[in-house]
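Novice: could you work out the structure for the sequence below:
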Amino acid sequence: MELKDIIYGYGEAAKKASLKLAMASTKEKNEVLKLMAKKLRENREEIKIENKKDMEAGKENNLSKALLDRLLLDDERIEGMVIGVEKIASLTDPVGEIITGWTTEEGIKIRKVKVPIGVIGMIYESRPNVTADAAALALKSGNSIILRGGKEAINSNKVIAKILRKALEESNLEKDIINLIQTTERDAVKFLVQMTEYMDVIIPRGGKGLIRAISSMAKVPVIYHDRGLCHTYIDGNVDLEMAYGICINAKVQRPGVCNAMETLLVNKNIADKFLPTMIDKFKKEGVEIRGCEKTREIVSDIKKATIEDWGTEYLDLILSIKIVENTEEAINHINIYGSGHSEAIITNDYNNSNKFSLGVDASTVYTNASTRFTDGAMFGFGAEIGISTNKLHARGPVGLNELTTYKYIVTGDGQKR
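Specialist: So this is what the prediction gives:
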């Protein structure tokens with residue numbers, strides 16, 4: 001069978017399954033999710049065996065430390081994946097929620113009600129836990145999903161999808177609610193994102209190259225999970241100890257993820273006092289510092305930052321630092337080089353906080369907190385399907401509500417126009 005026919009077969013099956021799933025009760029969906037979590041936990045050893053194959057192949061192919069970290073599934077991460085599915089089962093089902101309602105002059109009752117989008121295509125790199133997160137979120141929000149993970153995680157993705165589909169087979173729901181594209185051939189993505197007959201939305205989650213490729217090929221609407229070039233701005237009026245702690249967390253706690261800080265902006269009025277201690281703390285954590293000329297005048301034994309650094313998502317223990325005149329310059333720098341993901345200001349000045357929050361063009365803006373909180377679980381959404389840098393239809397962490405659309409349900413008692 002030709003590859004195109006295989007992918008279209010997935011699409012047709014997913015569409016049929018989605019139409020039945022849209023009518024499933026919350027109880028039915030939750031029971032399946034709990035069974036999925038149970039089976040993932042019971043089969044953790046099989047998951048680790050398959051993940052080990054991917055890890056060994058990744059090392060042979062010289063994957064970066066950041067990508068290997070994303071790829072790894074140990075006991076702790078598998079348990080986190082299980083808990084994520086269980087959490088989704090416990091969340092409020094958005095399907096059927098009435099957004100608003102009213103009665104017209106003619107006595108017709110109109111309700112605007114949340115409904116599933118339909119069929120979602122998820123294209124992602126490296127992280128095999130996304131297979132479970134995305135599938136569980138799609139199911140709970142009433143959507144079928146076709147998953148296409150990266151070749152570096154193919155064995156891990158296959159075993160996770162197999163376990164999830166086994167749970168569906170033991171339920172009253174269709175197994176084709178969840179499908180994983182088994183091939184790593186690139187043309188599979190092209191067919192998936194152009195399959196307008198069956199697909200309702202595509203969600204790519206990965207690096208700049210993936211996003212550009214999907215943008216150029218897609219005929220189906222796309223919710224982008226773009227790169228996370230996140231900044232933290234240290235204002236002139238600031239609690240230094242709080243600033244040190246937030247910056248270390250934002251850069252060091254897990255540098256290979258999209259909500260980690262990549263550039264530190266520092267107000268010129270605090271730079272002399274703040275930077276020597278801050279850079280020393282970063283160095284102790286193994287962070288390579290690349291600074292602007294003004295930064296290097298204060299701390300000389302660091303690398304010189306280039307204009308390319310301001311636009312680089314390192315996903316590693318590398319940080320660029322720039323001294324700025326004021327909040328306006330910080331906002332301007334972020335709006336030029338940022339990716340629209342997550343940005344933070346550390347300040348004791350309410351006016352500057354407000355100016356920053358309104359002026360920065362990003363899905364999530366923080367005052368006095370780490371950008372590492374941009375996460376579906378941290379926001380109380382349960383697991384997320386990604387962090388959208390779109391402005392339409394969803395923005396920020398994409399949870400259950402963002403995986404629904406709406407329809408108008410109209411009820412009359414014989415009215416005619």
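
Novice: low-confidence ranges in the stretch 201-350 of the chain?
Specialist: Applying pLDDT under 70 to the predicted model, the stretch 201-350 of the chain contains no residue that meets it.

Novice: helices along the stretch 1-150 of the chain, start to end?
Specialist: Here the stretch 1-150 of the chain has its helices, by DSSP state H, counting those that start in this stretch, at 3-21, 26-42, 44-60, 65-71, 75-90, 129-140.

Novice: quick one: the second one to chain centroid distance?
Specialist: The one in question is helix 26-42. 23 Å (C-alpha atoms, centre = their mean, to the nearest Å).

Novice: was I right to think residue 31 contacts residue 171?
Specialist: Yes: judged on C-beta atoms under 8 Å, residue 31 makes contact with residue 171 at a distance of 6.8 Å. Placement of C-beta: from N, CA and C, glycine included.

Novice: so which residues of the stretch 151-300 of the chain form strands?
Specialist: When secondary structure is read from DSSP state E, counting those that start in this stretch, the stretch 151-300 of the chain shows strands at 178-180, 201-205, 230-234, 261-267, 288-291.

Novice: residue 137 is nearest to which of these?
Specialist: Counting by C-beta to C-beta, residue 137 lies closest to strand 201-205 out of these; the figure is 10.3 Å.

Novice: for the closest one, list the C-alpha coordinates in CSV.
Specialist: Coordinates of the C-alpha atoms in strand 201-205 are reproduced here as CSV (Å, rounded to 0.1, in the frame of the first residue of the first chain):
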residue,chain,number,x,y,z
VAL,A,201,-6.3,21.2,13.1
ILE,A,202,-2.5,20.4,13.2
ILE,A,203,-0.4,21.1,16.3
PRO,A,204,3.3,21.0,15.6
ARG,A,205,5.6,21.0,18.7
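
Novice: that one to helix 129-140, inter-axis angle?
Specialist: Here the directions of strand 201-205 and helix 129-140 differ by 150 degrees (axes from the mean of the first three to the mean of the last three C-alpha atoms, to 10 degrees).

Novice: for stretch 142-154, which positions count as buried?
Specialist: Within stretch 142-154, the residues scored as buried using 16 or more other C-beta atoms under 10 Å are 142, 143, 144, 145, 146, 147, 148, 149, 150, 152, 153, 154.

Novice: list the residues that contact the first one.
Specialist: In other words, residue 142. By C-beta atoms under 8 Å, 6 or more residues apart in numbering, the residues touching residue 142 are 18, 21, 22, 24, 29, 95, 115, 116, 404.

Novice: rebuild those as CSV, extending it with neighbour count.
Specialist: Putting the contacts of residue 142 into CSV (neighbours: other C-beta atoms under 10 Å) gives the following:
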residue, neighbour count
18, 24
21, 24
22, 14
24, 20
29, 23
95, 22
115, 17
116, 24
404, 22
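
Novice: out of the residues you listed, flag the one nearest to residue 355.
Specialist: For residue 355, the nearest member of the contacts of residue 142 is residue 404. The distance, counting by C-beta to C-beta, is 34.0 Å.

Novice: and the closest residue to that closest one other than its chain neighbours, how many neighbours does it have?
Specialist: Once its chain neighbours are removed from consideration, residue 404 has its nearest residue in residue 114; the separation is 4.4 Å (C-beta to C-beta, 6 or more residues apart in numbering). Taking other C-beta atoms under 10 Å as the neighbour definition, residue 114 ends up with a count of 20.

Novice: give me the beta-bridge partners of residue 114?
Specialist: The residues paired with residue 114 through beta bridges, assigned by DSSP bridges, are residue 406.

Novice: what's the angle between the helix or strand hosting residue 334 and strand 230-234?
Specialist: Following DSSP states H and E, one finds residue 334 within helix 327-337. Between the axis of helix 327-337 and that of strand 230-234 there is an angle of 170 degrees, by the same axes, to 10 degrees.
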